[in-house]
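*Asks:* Coordinates only, no sequence provided:
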């Protein structure tokens, strides 16, 4: 009879072997396209991760890694049939996960799990970025232009940001750290948690519509024009006012943190 340590070692060895086979099924796609410094880049993703870094100059570098989310036959097949489209150039570049060639099975068949697609993108810091995502972990850094994000149950971590923001999330967790707040910020969530990290000297207008089960906290002193308590409508200014931060939620939360 095998001892516990021996059984554990066998299980671990089997797991490592499965993981190795799983990794062997991963595919990598790389492409470099011209992108104007004042152009735009869009990403449409479904499950995985999105890492975007803003850099000096023009051009967009995109790397995508497609990894099966499971070692069963159906999941491996879905990963093989899933593709990534990287198109455009000049004024705009689009990047998207494409499952249009995945063969749909019958009602009673196991279609497996959609693969994880991990994107690593380098783009001009001054170009606009749009992200439309489902359940990915998104990390964005060093962007100086307008940012638009829509995510469903994903996490978003933005650092070193200087541009405008328009963000919608459903049950997501979002943190945005600003180098400077100089353009409008519009935030909307249902059951999500959003935190903004702002320089202590930031001056802005706040217009927040907090649902009955929502929550709001600010490290900044807000001079109220109108106030509905911690729940309701909050309209005021910080340090004399400036760009507007608009926030709307039903059951989510907003935190304004000094950095």
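*Replies:* That came through fine. What you see is a predicted model; the values in this text were computed from it and never measured.

*Asks:* my guess is residue 36 contacts residue 88, does it?
*Replies:* No: using CB atoms under 8 Å as the test, residue 36 is too far from residue 88 to be in contact (10.8 Å). Every residue, glycine included, has its C-beta placed from N, CA and C.

*Asks:* in the sheet, who's paired with the residue nearest to residue 224 when sequence neighbours are not counted?
*Replies:* Nearest residue to residue 224 in three dimensions, chain neighbours excluded: residue 236, at 4.3 Å (CB to CB, 6 or more residues apart in numbering). In this structure, residue 236 has the following beta-bridge partners (DSSP bridges): residue 206, residue 224.

*Asks:* can you count the residues close to residue 236?
*Replies:* Each residue near residue 236 was counted by other CB atoms under 10 Å, and the total is 19.

*Asks:* Repeat that for residue 219.
*Replies:* Residue 219: 12 neighbours (other CB under 10 Å).

*Asks:* got a list of what the residue nearest to it when sequence neighbours are not counted touches?
*Replies:* Distances taken as CB to CB, 6+ apart put residue 258 closest to residue 219, at 4.3 Å, once the chain neighbours are dropped. If you count contacts by CB atoms under 8 Å, 6 or more residues apart in numbering, residue 258 has them with 197-200, 219-220.

*Asks:* Run through the neighbouring helices and strands of the helix or strand harbouring residue 77.
*Replies:* Under the assignment given by DSSP states H and E, the secondary-structure element containing residue 77 is helix 73-81. With contacts defined as 3 or more CB pairs under 8 Å, 6 or more residues apart in numbering; DSSP states H and E, helix 73-81 has no helix or strand neighbours.

*Asks:* Follow the chain on from that helix and name the next helix or strand.
*Replies:* Downstream of helix 73-81 (by DSSP H and E), the next one is strand 83-98.
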